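Undergrad: predicted coordinates and the sequence they were generated for:
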Amino acid sequence: MNSAVVAVLSIAWLLLAYRLYGSFIARRLVQPDDSRPTPAHRLRDGVDYSPARPLVLFGHHFASIAGAGPIVGPVIAVSAFGFGPTAIWILVGVVVIGAVHDYTTLMLSVRKDGRSIPDLTGGLVGRPARVLFQVFVLVTLVFVIAVFTIAAKNTLISDPRVVLPAFGLIPLAMVFGWLTNRLRLPLLAATAFALALLAGLFWAGMAWPVALHQVSPATLAKIGTPPVELLRLGEATASQVWIAVLALYGFAAASLPVWLLLQPRDYLGYWILAVGMVAGFAGLFITREPVTAPLWIGASSETEGPIWPMLFILVACGAVSGFHSLVSSGTTAKQLDRESHGRPVAFGAMLTEGALAMLALLAVTAGLAWGQGGEAGRPTLQQFMIAGKANPIEAFATGFGVFTRPFMGELGVLFGMTMINAFVLTTLDTSVRLGRFVVTELAGPAVPLLRKRFWATAIVGLAAWALAATGSVTTLWKMFGASNQLVAALAMLVVTVWLAERRRPGAFTLLPAVFMLLTTCGALIWQGWGYATAEPVEWALLVAAAILLALAVYVGASSLKALVCRKAGGSAAGADGNGAAGY
């Protein structure tokens with residue numbers, strides 16, 4: 001199977017879906033109206049509420065939702081179930097579930113003063129469901145931060161050339177934010193200036209790799225240039241130091257005003273990913289490498305379990321992600337300039353993430369060989385997926401380097417690693433910021449200390465740091481996937497209740513929500529059984545799975561009950577939980 005043909009068909013499908021299905025969802029469900037001022041204008045405070053240019057907001061939103069999710073998920077899934085099921089779920093799921101989920105949750109929040117989906121659950125479903133949903137989301141965010149912290153740490157350890165470009169982007173973004181938001185430098189001029197400096201950071205990363213540990217001969221052979229070994233720690237100690245550094249970064253970045261770091265860093269990071277995606281697909285068309293992975297491995301995997309429900313959990317963000325509803329209603333809704341911008345920002349960004357997931361899938365199935373032997377000079381996917389030491393991001397970067405070698409040379413692998421690592425950092429601080437919002441909403445006026453952003457941020461960051469310091473990406477990914485997809489199901493149920501109040505068709509959100517609710521509950525039951533029968537019993541993960549399952553069942557049942565009530569006319573349309581009319 002020619003990878004270039006698969007890429008062309010995938011892109012055509014996604015473009016057609018945006019043009020036809022996206023327009024249909026906007027017209028029938030959302031009905032955007034630019035005459036209504038958005039929360040970014042009505043509640044502007046310069047910290048969280050701040051209107052952004054559409055391209056800048058698209059960059060922020062896409063950078064925040066992408067992260068390592070569309071890379072890690074497809075790589076784990078294809079190694080377990082094969083190319084066919086993974087590709088089909090990405091392309092179908094991202095259109096009929098993922099993009100609809102992202103767009104509708106964004107616009108619900110925009111119509112409700114930029115409040116988060118969990119917070120809105122109180123007025124639409126009930127106060128107990130609201131509190132439990134917020135707890136559920138907080139647990140999920142801790143998993144998100146922990147998983148992506150480990151993913152970022154792995155890339156910093158495995159390729160020291162990534163360090164300077166990844167961390168250099170942070171002060172560069174702050175300068176960009178100051179130039180565009182305070183000095184009012186034209187966006188085009190500021191972008192050209194920043195991208196030139198960004199290119200210099202890539203050169204610096206190649207010239208001066210930075211490591212906290214003494215690198216192995218294999219790593220030295222890969223990077224070619226002896227690294228600057230700052231501390232010469234053992235690799236295990238260096239891993240813990242990087243986790244602590246990333247935790248401190250997340251705390252600091254999540255506390256700063258959005259215009260100073262979040263918006264500009266995400267916008268510049270988007271350019272990295274845009275260039276990377278163009279380069280990756282261009283490399284596909286040039287090399288036309290065949291897909292080496294089997295179309296079908298089997299209905300069950302020895303390591304991951306049955307294809308239903310586990311395939312849908314493993315792919316995660318490449319098809320649908322509840323985390324996106326938290327970004328949509330947590331940060332993006334507070335920055336949307338006009339309602340008509342919602343479709344390109346949310347629906348469009350999710351389809352773009354589907355394209356990234358397909359690029360990742362092709363990178364590890366056509367850029368890499370399959371099996372235990374492999375071709376001369378071509379590593380296999382299995383070499384990167386060794387139990388306990390799996391590194392899906394490095395697998396992607398290596399396959400990406402194969403595609404782009406004709407025009408990027410050895411820079412391709414570094415670019416692939418840096419491209420994803422920049423987005424992992426984006427997801428980290430966005431997740432910590434979202435966690436701060438949830439803690440503040442949960443605390444309410446009863447706990448004034450936790451309404452202070454530094455204390456609320458610290459709680460989330462410390463919990464995630466503790467989890468990241470003791471876990472591995474493959475172990476935590478399954479729990480993250482299950483909790484993440486459950487958030488998506490519950491968020492779509494809340495949207496369905498809102499649509500019912502407005503007498504708008506709810507089947508386009510209800511059916512996907514029910515499917516994801518059943519799938520993810522099934523996954524938690526399967527995983528819980530595995531934790532309970534393990535030797536020794538994995539009590540921490542077993543308890544977490546049981547709690548998540550109980551919360552999901554309660555909130556799901558409450559949402560369906562509220563939906564039936566709305567259908568029967570049992571609640572006044574428009575109540576938003578504070579006694580104010582919604583629209």
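TA: Received, thanks.
Undergrad: number of residues surrounding Leu449?
TA: Leu449 has 8 neighbours, counted by other Cβ atoms under 10 Å. (C-beta placed from N, C-alpha, C; glycine too.)
Undergrad: that one: what's it in contact with?
TA: For Leu449, the contact set (Cβ atoms under 8 Å, 6 or more residues apart in numbering) comprises Ala443, Trp455.
Undergrad: quick one: pLDDT of it?
TA: At Leu449, the predicted lDDT confidence score is 77.
Undergrad: for it, what are phi and psi?
TA: Main-chain torsions, Leu449, degrees, to the nearest 10: phi -60, psi -40.
Undergrad: could you measure it against Ala464, distance?
TA: In this view, Leu449 and Ala464 are 20 Å apart by Cβ to Cβ, to the nearest Å.
Undergrad: now stretch 423-443: how far from the chain's centre is it?
TA: 13 Å (Cα atoms, centre = their mean, to the nearest Å).
Undergrad: residues in contact with the closest residue to Leu551 other than its chain neighbours?
TA: Nearest residue to Leu551 in three dimensions, chain neighbours excluded: Phe136, at 4.6 Å (Cβ to Cβ, 6 or more residues apart in numbering). By Cβ under 8 Å, 6+ apart, Phe136 lies in contact with Pro118, Ser483, Leu486, Val487, Leu490, Leu548, Leu551, Ala552, Val555.
Undergrad: in helices, which of these fall?
TA: Counting by DSSP state H, the part of the contacts of Phe136 found in helices is Pro118, Ser483, Leu486, Val487, Leu490, Leu548, Leu551, Ala552, Val555.
Undergrad: quick check: the residue nearest to Leu551 is in a helix.
TA: Yes. Phe136: assigned to a helix according to DSSP: H, G, I helix; E, B strand; the rest coil.
Undergrad: all strands for this structure, in order.
TA: For the chain, the strands defined by DSSP state E occupy 210-213, 228-233, 300-301, 305-306.
Undergrad: remind me what the last one packs against, helices and strands.
TA: What it means is strand 305-306. Judged by 3 or more Cβ pairs under 8 Å, 6 or more residues apart in numbering; DSSP states H and E, the packing partners of strand 305-306 are helix 507-533.
Undergrad: off-centre distance for the helix it packs on?
TA: On Cα atoms, centre = their mean, the centre of helix 507-533 falls 19 Å from that of its chain.
Undergrad: just the buried residues of that helix, please?
TA: Buried residues in helix 507-533, defined by neighbour count with 16 or more other Cβ atoms under 10 Å: 508-510, 512-517, 519-524, 526-528, 531.
Undergrad: spit out the contact partners of the residue nearest to Ala349 when sequence neighbours are not counted.
TA: In this structure, Ala349 finds its nearest non-sequential neighbour in Phe62, 4.2 Å apart by Cβ to Cβ, 6+ apart. Counting by Cβ under 8 Å, 6+ apart, Phe62 touches Asp266, Tyr270, Leu273, Ala349, Thr352, Glu353.
Undergrad: repeat that with 7 Å
TA: Residues counted as contacts of Phe62 (Cβ atoms under 7 Å, 6 or more residues apart in numbering) are Tyr270, Ala349, Thr352.
Undergrad: list just the nearest of those residues to Gly280.
TA: Thr352 (12.9 Å; Cβ to Cβ).
Undergrad: that closest one: what's its closest spatial neighbour, skipping adjacent residues?
TA: Phe62 (6.0 Å).
Undergrad: what's in contact with stretch 41-60?
TA: 39-40, 113-114, 187, 257-259, 262-263, 266-267, 270, 332, 334-337, 341, 344-345, 349.
Undergrad: please apply the same query to stretch 223-237.
TA: 157, 159-161, 206-215, 220, 241.
Undergrad: out of those, which end up buried?
TA: Listed as buried from the contacts of stretch 223-237 are 157, 159-161, 206, 209-213, 215, 220, 241; burial here means 16+ other Cβ under 10 Å.
Undergrad: among these, which pair sits farthest apart?
TA: Within the buried ones among the contacts of stretch 223-237, Met206 and Val241 form the most distant pair, 23.4 Å apart (Cβ to Cβ).
Undergrad: okay, now the unreliable bits of this structure?
TA: Within the chain, the stretches with pLDDT under 70 are 372-377, 387-389, 471-475, 569-583.
Undergrad: sorry, back to before: any idea how far Phe81 is from the residue nearest to Thr352?
TA: Distance, Phe62 to Phe81, by Cβ to Cβ: 27 Å.
Undergrad: same thing with Val320?
TA: Taking Cβ to Cβ as the measure, Val320 falls 17 Å from Phe81.
Undergrad: equivalent analysis for Leu256, please.
TA: To Phe81, Leu256 is 41 Å away according to Cβ to Cβ.
Undergrad: more neighbours: the two, which one.
TA: Phe81 (26 against 15).
Undergrad: OK, contacts around the more buried one?
TA: Ile297, Ser301, Ile307, Leu311.
Undergrad: of those - the most surrounded one?
TA: That'd be Leu311 among the contacts of Phe81, by other Cβ under 10 Å, with 26 neighbours.
Undergrad: tell me how far that residue lies from Ile88.
TA: Separation of Leu311 from Ile88 (Cβ to Cβ) stands at 10 Å.
Undergrad: then Ala446?
TA: As defined by Cβ to Cβ, Ala446 lies at a distance of 48 Å from Ile88.
Undergrad: repeat that for Ser35.
TA: From Ser35 over to Ile88 the distance is 41 Å, taken as Cβ to Cβ.
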